[in-house]
Every structure is written in structure tokens, then in C-alpha cells.
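Trainee: need a structure here:
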Amino acid sequence: MGLVWFLGWFYFYLLATASSLAEKENEEAVLNQSGGGGVGVRMTIHHVHGPGSSLAPQPPVSFSDVLAWDEARVKALNSRLTKKPTNDTRYTKSVSVPLNPGSSIGTGNYYIKVGLGTPPRYYSMIIDTGSSLSWMQCKPCAIYCHVQADPVFDPSASKSYKPLSCASSQCSSLEEATLNDPLCDTSSNVCVYTASYGDASYSMGYLSQDLLTVAPSQNLPGFVYGCGQDSEGLFGRSAGILGLARNKLSMLGQLSAKFGYAFSYCLPTSRGGGFLSIGKASMVGSAYKFTPMLTGPRNPSLYFLRLTAITVGGKAVGVAAGDYYRVPTIIDSGTVITRLPMSIYTPFQKAFVKVMSTKYARAPGFSILDTCFKGNLKDMAVPAVQLVFQGGANLNLRPLNTLLQIDEGVTCFAFAGDNGIAIIGNHQQQTFKVAYDVSAARIGFASGGCN
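Mentor: Sure, this is the predicted structure:
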């Protein structure tokens, strides 16, 4: 039976634009020697609203929608860690690629542009440290492809495309990578993947191999990914997702043999560009402070670390040490707002309000953001906030990491309380270099911006 048998019909939204910027950026990539002598690739990054951007401006996504999508992701992460997953049919080298805020493709997250196929065609792909399997929408879109910014990938136009059989070892690895059992299209003996995200978002299609191009001189033959024939959910107008989780099927896992099992990134604000570097050489050249990379028994592919203290204005927040150790903490590229258990969030919020309320009047809360003030962020005097992790690594947050202006004259505390896990979100990570040294089981932070 064919793939259509497994699926239903769905619809998504937004208009398509061309992907010429992606190809242009990859053509302009330059190889450089890193401080450790390794080879790296660094490409110019463009924001959709920034100087020189060739992506057509899109209608802005409402901030309330971004927060609603963010809450859905947090619920999905909590679900993965609090109950048994169920099947849902629904070293010497480093590579750097451009990283952009995802608002231009209709998401609240970040994307890079990579090439797929022979000859390569370039696509805007969401990067996700919480996902293992990478997937991209593919023609003929047997069931449904949401509207994306780039032309949909056509496997028949690639000389290096290959579908993987139901008996392949990669097909057998899907359950660990996606938490869903693989299926088999018996009419063609092709392995069928399902990547579901716990919030009704999913992609389904054929497990495949093709040539992945991250720069003109850097590629990966036989890259394993999902060639999507049906996708639904919070993917905006991206072509798909690139997984950076700890799993052999993730993009990171597949590139690790060539570059080393490590990567780093700097998530930009909407005013500037960032980068994603893959390889051990990405650890070189920045003054990282490291904390142990921990593993959660229920989902070992996610990146855990231990939060040990929070300070406001140089003073430690009154939280018992046991409260920090009791709840697991994840660092995640796809969650926007940092979540903290109420036992930590409440004293943290009170300490912050105590300082801010002497200067600024309170404003009504907004969605999940319950602590807001009257004033514009650029004009505010904000107390220093520091997140401290095991081993002494820390994030010394700037005002733009601590607060978020949601409207003219209204600025909110960019943290939220949660009854589940703690998550270090991407708003707090913006403009910091974050290193994931998987081979050495450590996570590092360095200040200094994305340049």
C-alpha cells in the first residue's frame, strides 16, 4: 500500500518567495583558518528586514501567536520527559553557516540555508536542538506540503537521491530518533518516517539519502533525512527541520565523523546575524566557561545542564539548593521564553520586581508573561541578572535578554513560571556564543556578541 494510506488531508497558510538569497550566501562563503589551525566556513548572514536582504518582507507574525506556539513546544517537551512516548501517526575542521531569526519564514525560531541534491538547491531550514531526524518537504507532496519560502525539493531532479528500504539499518534507527515506529510502503519497499512534535505538528514521508551541501567545498554524501510528503503544524514557511540533537541520525551526528562531535552557535536578535559552526574547531577562539552536559534517562538526545543559582543586582535569589537540583533543566534552541519551576520563578520574579518597581509602574501581564512594566526597553535601567550553572559557567544577561518589549511603552519580564521542567530559551541565549561539546560532555557560554 502507498504512503497515502497512512495519512489524512490538511492545510496550512502563507505565501511563497524565492530562495535566491540562500544560494548567493553559499556562493559567497569563504574558508578561513581557525585559531586552532582547523578549517572553517563562515558565511554572511542577512536578516529579512536588514540591509541587503533579498527576502521579500512578510506580514509580521503577532507576538501572541509566537507565545502560543512557544507554549505548545514547552508542553511537548514536558510530555516527552514525563510519560512514555507513544506512536503518533499524526576535530580539525569546522563548518559555519548563516543563522537568522525565523520571523521571515513565519516562525519564532532560527534557520540556516543548506543545499540538498546534485546539483544542489538551497533551502531555509529551521535548526532544532530538540530534534534528531532532519526532514524536508519533497515533491510530489503526495498528501500535503505547507507553503514554503523556497521551491519544494524535487528528488527526481537530483542525481544523488536514494530512498531507503524498509530493511535498512537507518529505518531501524527511526524509533530512537523520532520516538515513533517506522512504517513501510510495501508497494515500493521504502521506509516511511513519522516525526511528531507533541503539539499536533508532524511530518511524514520517505526516509531518504542525498548529498547535503553546507558550503561550496563542504558536503556530506549519503545524508539521511526524511523526504516529506505530508506536513502540518508550526513550521511557518520553512522547507523543513535540521536536527541537532544527540542522535546518530541527526545532522550533527552524521557530520560528526567528518568534523568532530561538537557545534556552537550565536543566536542573533532581529537586528543582526548569527552563526552555526559544526566541528571541534568551533570550540576554539572564544573564552568559553563550561558546565557539564547531562543526560536525561527518558530522552537522552536532549541537552541537559544544571542551574545552580540566579542573581539579581548581584544578590542571590532566595532559592534552596534542593529546588535547583529537583527539576531537570534543558537548553533549547526552539523555545523562546525561559521557563522555570514555580519554586524558582516566584522568588526570582519577586526579587526583580522589587528593584524595577522603584522606577517603573506595573503594566498588565501579556499571555504567559505575567510581569510587565510601563516603559520602553531602550530607556530602562535594568538590574543585572545572572544565571549560574554547575562548575561556574554563567550567562550574564543583558537588558535585551531579561526583558522583552511587546508594545510601545510596555515591556515584560522575559521569563515564565512552569509546573514542569526548566528550559533555557533562545531569548536568553541571544548574542551569546553557546558551545555544545558532545564528545567531552560539556556546554559552554561566551559573551561578546555574534560578530
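
Trainee: what's the weakest-modelled helix or strand in the chain?
Mentor: strand 30-33 (a mean of 38; mean pLDDT, DSSP states H and E).

Trainee: Run through the helices of the stretch 251-400 of the chain in chain order.
Mentor: 251-259, 321-326, 342-356, 399-402 (DSSP state H, counting those that start in this stretch).

Trainee: Tell me who's in contact with L212.
Mentor: Residues counted as contacts of L212 (C-beta atoms under 8 Å, 6 or more residues apart in numbering) are V114, G115, L116, N219, L220, F223, Y225, M251, Q254. C-beta coordinates here come from the backbone N, C-alpha and C atoms, glycine included.

Trainee: and with 7 Å instead?
Mentor: By C-beta atoms under 7 Å, 6 or more residues apart in numbering, L212 lies in contact with V114, L116, N219, L220, F223.

Trainee: Name the next helix or strand following the helix or strand where it lies along the chain.
Mentor: Secondary structure from DSSP states H and E places L212 in strand 202-215. Beyond strand 202-215 in the direction of the C-terminus, DSSP H and E gives the next helix or strand as strand 218-232.

Trainee: Other residues contacting that next one?
Mentor: So strand 218-232 is contacted by 3, 7, 10, 12, 41, 95, 133-138, 141-146, 155, 170, 193, 195, 201-213, 240, 249, 254-255, 258 (C-beta under 7 Å, 6+ apart).

Trainee: Flag every buried residue along it.
Mentor: 218-220, 223-232 (16 or more other C-beta atoms under 10 Å).

Trainee: Equivalent analysis for stretch 321-338, please.
Mentor: Buried residues in stretch 321-338, counted by 16+ other C-beta under 10 Å: 324, 327-338.

Trainee: Surely Q349 touches T371?
Mentor: Yes - Q349 lies in contact with T371 (C-beta atoms under 7 Å); the separation is 5.6 Å.

Trainee: Spit out the residues that contact the two alike.
Mentor: F413.

Trainee: that older thread, now, of the contacts of strand 218-232, which are buried?
Mentor: 3, 7, 12, 41, 95, 133-138, 142-146, 155, 170, 193, 195, 201-213, 240, 249, 254-255.

Trainee: Would you mind listing where the protein has pLDDT under the threshold?
Mentor: Along the chain, segments meeting pLDDT under 70 span 1-61, 83-108, 198-199.

Trainee: Centroid-wise, who is the farthest residue in it?
Mentor: In the chain, the residue that sits farthest from the middle, by C-alpha atoms, centre = their mean, is T358; the gap is 36.8 Å.

Trainee: The closest residue to N247 other than its chain neighbours: neighbouring residues, count only.
Mentor: Distances taken as C-beta to C-beta, 6 or more residues apart in numbering place S132 nearest to N247, at 3.6 Å, with adjacent residues excluded. Neighbours of S132 under the rule other C-beta atoms under 10 Å: 26.

Trainee: Just read off the phi/psi values of S132.
Mentor: Here is the backbone geometry of S132 (degrees, to the nearest 10): phi -100, psi -60.

Trainee: With F63 instead?
Mentor: The phi/psi pair for F63 (degrees, to the nearest 10) is phi -70, psi -30.

Trainee: Run a quick check on it versus I406, I expect a contact.
Mentor: Yes - judged on C-beta under 7 Å, F63 makes contact with I406 at a distance of 5.6 Å.

Trainee: so who does T371 touch?
Mentor: Q349, V353, G365, C412, F413.

Trainee: Of the residues you listed, just the buried ones, ChimeraX syntax please.
Mentor: Buried residues among those (16+ other C-beta under 10 Å), as a ChimeraX selection:
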select :349,353,412,413
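
Trainee: Just the closest of the contacts of T371 to G279, please.
Mentor: F413 (36.6 Å; C-beta to C-beta).
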